[in-house]
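Q: next comes the sequence, and after it the predicted model I'd like to discuss.
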Amino acid sequence: MADRIVRSTAVFLRPFRLPGFDAELPAGRYQLDTEIRPPAGMPDPAAWRASVVIHLHPTPEMPNLARSLTVRLADIDSAIARDEASGQSLDQFFLQAMLDDPMIRMVMESDGVTEAELRRLYER
């Protein structure tokens, strides 16, 4: 089972929300366990979707209670992107990250696409 799980850490600078959990989660460091492959013997591996177990912080009311939440990989990625966006809309954050990538810049140059054209496209 260990070869199917990747353990990592996510740091949220601001409180955040995840689908399937009613409360806002506090800013801080969270341990993530990401299942990267379907379990052995799964009847329909094509139906499998990557999931992440996020280990939640204890509450003041129950400091010894270990809690975790299983969410879709896309949901945790979206929460991380929103946190990193620092108030920007996600599309503007994505656009800036794309424009900061040297490989994207090389492709843009070879295709004759300017930064201004991409910004106009994302404004729509």
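A: Here it is on my side, so go on.
Q: may I have the helix or strand hosting Met98 exported as CSV, CA atoms only?
A: Per DSSP states H and E: Met98 is located in helix 90-99. Only the C-alpha atoms of helix 90-99 are listed here, as CSV (Å, rounded to 0.1, in the frame of the first residue of the first chain):
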residue,chain,number,x,y,z
LEU,A,90,-7.7,32.0,-10.2
ASP,A,91,-7.6,32.7,-13.9
GLN,A,92,-5.3,35.7,-13.4
PHE,A,93,-3.1,33.6,-11.0
PHE,A,94,-3.0,30.8,-13.7
LEU,A,95,-2.2,33.3,-16.4
GLN,A,96,0.7,34.8,-14.4
ALA,A,97,2.1,31.4,-13.5
MET,A,98,1.9,30.4,-17.2
LEU,A,99,3.7,33.6,-18.3
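Q: which residue ranges form the helices in this structure?
A: Listed in chain order, the helices found in the chain under DSSP state H are 73-84, 90-99, 102-111, 115-123.
Q: just say which of those is most tucked in.
A: When you average the neighbours per residue for each of those (mean count of other C-beta atoms under 10 Å), helix 73-84 leads with a mean of 16. (Glycine included, C-beta is placed from N, CA and C.)
Q: run a quick neighbour tally on the residue nearest to Ile80 when sequence neighbours are not counted.
A: Using C-beta to C-beta, 6 or more residues apart in numbering and skipping residues adjacent in sequence, the residue nearest Ile80 is Ala10, 5.7 Å away. Neighbours of Ala10 under the rule other C-beta atoms under 10 Å: 17.
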